[in-house]
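Q: From the sequence below, what's the structure:
(2 chains)
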Amino acid sequence: MSPEKKYDEPELVTQLKQRSEKAYSYLYDNYAGALYGIIHSIIPDNETANDVVQDVFVNIWAKIDSYDPSKGRLFTWMLNIARNAAIDKLRSKGYRYGLKNQPLSENVDINAGAASYPVIKDVGLRKIINGLKEEQRVLLDLSYFQGFTHEEIAKAMNIPLGTVKTRIRTALIQLRTLIQ
Amino acid sequence: MVESYVLGLATEQERAEFEQLSMQYPELVEARTNFELLLEKQAMENAEAPPVDSKNKIWSALQQAPSSNTSKIITMEPRSTRKTSGTTWLAAASVILMLVATYFAYDFSKKNNELKSSNEEMQEKINRMDSIERIMHDPNVTVVNMKAMIPAAPSASVYWDTTSSNVYLVVKNMPKLASNKQYQLWSIIDSAGKMKPSSLGLFDGGDEKLFFKMQNAQDADHFAITIEKRGNSEGPDLQQLQVMGETKRKL
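A: Got it, this is the predicted structure:
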C-alpha cells in the first residue's frame, strides 16, 4: 500500500472501471469531503446527509461503467450523482415526514415560519449564489438546489417560461464570473 | 449553455445538442473543462469531512451488493476424514441448492437491471414525445409544411418559434443517403426577388418519422431542403432540391 500514490484522471477511471479497491479508496479519500459539502448544502440535516453520501459512493461503484470521459470530468459526473441523490432525498416522503415530526427545540423562533427546518449553512456554491440579484438567486436555488425544472418554476412563480430560461441563463453567466 | 450542461440543469435535448456540438468544436470542450475545473476547485475548497465511520459503512454495503463482474473464487479444502455418506450427500445437496439460489439471485438482479434500463429508455422517449407535443401546440410556433419537389414525395414540416427563433424539423419519407451525403435545411430570405439562403444545419435521413432541432432562424420567407455532400459549408445545390415551403410571414 502506498497511500500517497496519486492517480491522474484517465488512470483513475481505468482502475475504477476494473473495480480496483485501492483506486476506489483513493477516490473516497480525495473526493468524499467535496461531495459531502455539496450534499450538505442541499440537505442541512447531518445524519441524512451522511446516508446520502454513502448511497452516492455505492452508486458510483455500481455505475462507473456508464461514466463517459468524453462528456465531462469524473468529478462533474460524481457531483451530479451527488446532487441528484440529495434532491431525491429532499423530495422523498420519508425525509419530509421526518422533518415535520421533529420535536420543537427550545431555541426555535416561533415567529419564523420555516424555523422547524434545519438552517442551511451559507457556504460553497450557496454563498456565491447568495451574491446574485434576488430574482436570480431564487431561480438558481429552485433549479440547482431543489431540482425543479424550468417549466415547474414558471408555473409556480407565474412567470413566462422564456423569462425563467433567460434569467437562469444570465444568472449562470454571473455565477461563472463570481466563482473566478 | 456550458454552465447549465455542467451543472446538470440542461434538458435532455439541450444535453444531446451540446454533446453533438462538442464533437465539432474543440473550443466548446475547452470552455466546458475550464468551468468544470472551477467548480471542482470551488467544491474542494468547501469540502467538509464526512463522519469517520462513513467509509467503513460504504465498504460493508459494497460487500453485500452483488456486483456483476467480481466473481468470488472459492477454494475447497480437501476433506481429511470421510464422513458417513448420508451427511456428505446432505452437504453436497445444500451446496448445490446454494449455487442454484445464487444463480437465481444473480439472474434476477440482472433481469431487474435490464428492465430498469429499458424503462429509462422508454422514459426518455416519452420525454422527447412530450417536448415535441409541446412545441406543436405552442401558439408562438408557425408550421410550414413544405411541398415535395421530386416524385418520391418526401414530406417535411418546419415548426418555427418566431419569438425564440427556434427551428424544429419533422421529416418523413426521406431515406438514408450514401454515407458521403446529407440533407441540409435552408432558410431563404427573398429581398426584392433576390434569394438569400442560410444554412440551418445538416441531418441524416432515415425510414421512420424523424424529429430534429435545427439552428435558429430569425427571419425567413421560405424553408427548403437539399441534398448536399456531408458537412457541406457552401450554398445550396438547387438541382438537388427535395422540398420547399413558404412561410406566411407578415411584412
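Q: quick one: buried residues of stretch B:123-139?
A: Neighbour counts over stretch B:123-139 (16 or more other Cβ atoms under 10 Å in any protein chain shown) mark B:Ser131, B:Ile135 as buried. No exception for glycine: its C-beta is placed from N, CA and C like everyone else's.
Q: Now do that stretch, average pLDDT.
A: Here stretch B:123-139 scores 73 as its mean pLDDT.
Q: Which parts of the stretch 101-250 of chain B are strands?
A: For the stretch 101-250 of chain B, applying DSSP state E, counting those that start in this stretch gives strands covering B:141-148, B:155-161, B:167-172, B:181-191, B:194-203, B:210-214, B:222-229, B:241-246.
Q: Can you give me the pLDDT of A:Cys77?
A: That one is not Cys; residue A:77 is Trp. Predicted confidence (pLDDT) for A:Trp77: 94.
Q: which residues sit in contact with it?
A: Contacts for A:Trp77 (Cβ atoms under 8 Å, 6 or more residues apart in numbering or on different chains) come out as A:Tyr67, A:Lys71.
Q: the domain parsing of the chain - what is it?
A: Since you didn't name a chain, this refers to chain A. The record's domain split for chain A, according to automatic domain parsing, is A:9-100, A:124-179.
Q: think we crossed wires, I meant chain B
A: Split by automatic domain parsing, chain B gives B:2-45, B:141-246.
Q: mind checking how far the residue lying closest to B:Tyr5 once chain neighbours are set aside is from B:Ser109?
A: Leaving aside its chain neighbours, B:Tyr5 sits nearest to B:Phe18 (4.8 Å; criterion: Cβ to Cβ, 6 or more residues apart in numbering or on different chains). Noted for B:Phe18: a distance of 34 Å to B:Ser109, by Cβ to Cβ, to the nearest Å.
Q: Same check on B:Leu62?
A: Distance, B:Leu62 to B:Ser109, using Cβ to Cβ: 15 Å.
Q: who's more crowded, the two?
A: B:Leu62 (17 against 14; other Cβ atoms under 10 Å in any protein chain shown).
Q: thought the more buried one was touching A:Asn59?
A: No - counting by Cβ atoms under 8 Å, B:Leu62 stays clear of A:Asn59, with 10.8 Å between them.
Q: can I assume the residue nearest to B:Tyr5 sits in a strand?
A: No - B:Phe18 is assigned helix when assessed by DSSP: H, G, I helix; E, B strand; the rest coil, not a strand.
Q: wait, it sits on B:Glu12?
A: No - using Cβ under 8 Å, B:Phe18 is not in contact with B:Glu12; the gap is 10.9 Å.
Q: Neighbour count for those two, which is higher?
A: A count of neighbours by other Cβ under 10 Å puts B:Phe18 above the other of B:Phe18 and B:Glu12, at 18 against 12.
Q: Give me the pLDDT for the more buried one.
A: At B:Phe18, pLDDT is 90.
Q: B:Leu241 - how many residues pack around it?
A: Neighbours of B:Leu241 using other Cβ under 10 Å come to 16.
Q: wait, I meant A:Arg169
A: Neighbour tally, A:Arg169, other Cβ under 10 Å: 14.
Q: which non-adjacent residue is nearest the closest residue to chain A within the stretch 151-251 of chain B?
A: For the stretch 151-251 of chain B, the nearest residue to chain A under the criterion Cβ to the nearest Cβ is B:Ser164, separated by 6.5 Å. Nearest in space to B:Ser164, with sequence neighbours left out and distances taken as Cβ to Cβ, 6+ apart, is A:Gly162 at 6.5 Å.
Q: Helix or strand: which one has that neighbour?
A: Assigned by DSSP states H and E, A:Gly162 falls within helix A:161-179.
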